[in-house]
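show me the folded form of this:
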Amino acid sequence: MKHVKLTTKENLIPFILITALFFLWGMAHGMLDVLNKHFQNVLQISKSKSGLIQFSVYMAYFIMAIPAGRFMGRFGYKKGIVFGLLMFASGAYIIVPASLIQSFWLFLTGLFVLGCGLATLETAANPYTTKLGPKETAERRINFSQSFNGLAWIIGPIIGGLFILGNDGGETGNKLHSIIMPYAMIGTLVLIIALIYMRTPLPEIKEEQYEFVNKYSGSIVALHKPLIKQRHFVFAVIAQFCYVAAQTGIFSFFVNYITDTKLQPHFDNKTAAMMLGIGGFGLFMIGRISGSWLMRFVKPVRILAVNATLCCLLLPIVSLGIGWISIVSLFMIFFLMSIMFPTIFALGIKDLGERTKKASSFIVMAIVGGAIFPMFMGWIADISSMALGFFVPIPLFAFILFFALKGHKVTVQ
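You can find the predicted model right below:
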């Protein structure tokens with residue numbers, strides 16, 4: 001493959017600013033993945049009910065993605081980013097009183113508002129990143145930006161392990177008081193960043209109308225096919241649904257799996273949270289950085305196909321629960337999943353021109369897979385074992401393999 005620059009000189013500052021957003025929502029998602037175990041412990045709820053934590057956030061993606069896309073279609077990327085940051089901060093602040101009065105349902109409401117903010121940010125930042133440089137390096141660019149998402153996902157579980165897990169209220173009697181300070185700090189940080197964005201100029205990129213050459217007449221014909229007939233886009237939406245469903249289930253129940261007394265060795269909650277942050281998400285970040293570099297030499301779809309295949313092969317080993325072999329296999333899945341979301345996203349919006357914002361909305365909507373799957377995976381764990389629940393994502397990775405091999409191809413006829 002010919003080496004092409006990641007971005008251009010005039011787009012460098014906007015690219016850095018947008019990449020910082022990936023760090024923000026990565027931290028928010030990383031903290032979610034230790035909350036399941038915390039609420040199971042302090043409120044004595046089932047694994048399937050704790051899946052409502054992910055349901056609240058990812059259902060917000062489903063509901064908010066299209067309105068966010070329309071908002072940006074009318075007002076532009078910058079105002080969409082500011083709006084998303086303000087909703088992000090508002091959701092974090094709602095969680096503070098929810099924790100004070102120990103209301104699980106108000107807490108879920110705060111997560112829903114926070115999720116609406118994250119959906120808006122992702123609808124804006126993902127396609128915007130692909131436009132900040134040469135078309136040939138769009139997949140590399142979004143994978144590079146998503147690497148900082150992976151870095152934040154390391155920090156999130158560590159914060160959760162230090163401040164949330166293992167803290168049951170002590171002498172205060174408030175079982176959720178340990179959640180207050182982390183979310184109050186996040187809300188304040190995000191609000192400050194929103195104010196910075198308000199005062200920072202960002203270029204508004206206009207999506208071009210892509211054209212192709214008719215292979216029979218040689219004439220230039222505008223690509224006017226509706227999105228529903230864009231095969232690569234439709235398959236990208238399904239593939240993204242599958243990926244986020246699988247990722248969210250694996251991330252959410254990692255701590256449950258590692259602390260399961262049936263697994264030898266097994267660990268306590270705080271150690272498991274550190275293993276999730278440093279080990280799991282550390283490999284996730286390394287996978288994104290190395291994947292972005294490898295895409296200079298290997299086509300992104302080939303990497304996606306290999307990684308999806310290996311996930312299908314490693315998940316049965318995780319489900320067998322055979323000690324360190326299964327634990328290492330689970331860590332390897334974190335590494336393999338790392339490039340999937342940004343690669344599917346970039347392939348799905350390829351050559352869509354002025355419909356990029358609308359298409360991005362639908363791909364972000366597909367994140368609703370993360371709302372449904374953790375509850376199903378938790379239900380399997382409740383009626384059998386946590387290890388058995390890790391069989392369930394295999395068909396999801398199988399569809400991603402199909403997308404990498406066939407479904408990503410752009411058709412113009």
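
I'd like the average pLDDT over the longest helix seen in the chain.
Looking across the chain with DSSP state H, the single longest helix is helix 12-42. Averaged across helix 12-42, pLDDT comes to 79.

and that helix, which residues are buried?
Neighbour counts over helix 12-42 (16 or more other C-beta atoms under 10 Å) mark 14-15, 17-42 as buried. No exception for glycine: its C-beta is placed from N, CA and C like everyone else's.

repeat for stretch 317-335
Result for stretch 317-335 [16+ other C-beta under 10 Å]: buried residues 317-319, 321, 326-327, 329-335.

give me the mean pLDDT for that stretch.
In this model, stretch 317-335 has a mean pLDDT of 93.

and for P300, the neighbour number?
For P300, the count of nearby residues is 24 (other C-beta atoms under 10 Å).

once you drop chain neighbours, what's closest to it?
Excluding the flanking residues, the one nearest P300 by C-beta to C-beta, 6 or more residues apart in numbering is E139, at 4.3 Å.

for the one helix or strand that neighbour maps to, name the packing helices and strands.
Taking DSSP states H and E as the criterion, E139 maps to helix 138-163. The contact analysis (3 or more C-beta pairs under 8 Å, 6 or more residues apart in numbering; DSSP states H and E) places helix 138-163 against helix 12-42, helix 104-131, helix 180-198, helix 269-274, helix 281-294, helix 300-320, helix 340-348.

any stretches of the stretch 151-300 of the chain with poor pLDDT?
165-175, 205-225, 261 (pLDDT under 70).

then the stretch 301-413 of the chain?
If you take pLDDT under 70 as the line, the stretch 301-413 of the chain has these spans: 411-413.

all strands for it, in order.
Assigned by DSSP state E, counting those that start in this stretch, the stretch 301-413 of the chain shows no strands.

show me where it has its helices.
Taking DSSP state H, counting those that start in this stretch as the test, the helices found in the stretch 301-413 of the chain are 324-337, 340-348, 356-365, 369-383, 386-389, 394-402.

reformat those as JSON lines; add distance to R70.
Shown next, in JSON lines, are the helices of the stretch 301-413 of the chain (distance: least, C-beta to C-beta, whole Å):
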{"stretch": "helix 324-337", "distance to R70": "30"}
{"stretch": "helix 340-348", "distance to R70": "19"}
{"stretch": "helix 356-365", "distance to R70": "8"}
{"stretch": "helix 369-383", "distance to R70": "21"}
{"stretch": "helix 386-389", "distance to R70": "37"}
{"stretch": "helix 394-402", "distance to R70": "28"}
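
give the contact list for V318.
Residues near V318 by C-beta atoms under 8 Å, 6 or more residues apart in numbering: 257, 326, 329-330, 333, 387, 390.

and the angle for the longest helix of the chain with helix 104-131?
Angle, helix 12-42 to helix 104-131, by axes from the mean of the first three to the mean of the last three C-alpha atoms, to 10 degrees: 160 degrees.

which one of the contacts of V318 sits closest to A124?
I333 (29.2 Å; C-beta to C-beta).

wait, isn't that closest one in contact with L314?
Yes - counting by C-beta atoms under 8 Å, I333 does reach L314; the two are 5.5 Å apart.

tell me which of the contacts of V318 is nearest to F144?
Of all the contacts of V318, I333 has the smallest distance to F144: 21.8 Å, by C-beta to C-beta.

look up how far S103 lies from that closest one.
Using C-beta to C-beta, to the nearest Å, we find I333 at a distance of 35 Å from S103.

what's the burial count for the nearest residue to G161 once chain neighbours are set aside?
Among residues not flanking G161 along the chain, A273 sits closest, at 3.0 Å (C-beta to C-beta, 6+ apart). Using other C-beta under 10 Å, A273 has 29 neighbouring residues.

same question for M185.
For M185, using other C-beta under 10 Å, the count is 13.

before we move on, the earlier item: deepest-packed of the helices and strands packed on helix 138-163, please.
Comparing these by mean neighbour count (mean count of other C-beta atoms under 10 Å), helix 340-348 comes out on top with a mean of 27.

CA atoms only: put that one into CSV for me.
Provided in CSV are the C-alpha atoms of helix 340-348 (Å, rounded to 0.1, in the frame of the first residue of the first chain):
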residue,chain,number,x,y,z
MET,A,340,-13.5,-3.3,15.0
PHE,A,341,-15.7,-0.3,15.9
PRO,A,342,-13.8,2.4,14.0
THR,A,343,-13.0,0.2,11.0
ILE,A,344,-16.7,-0.8,10.6
PHE,A,345,-17.7,2.8,11.0
ALA,A,346,-15.2,4.1,8.4
LEU,A,347,-16.2,1.4,5.9
GLY,A,348,-19.9,2.0,6.4
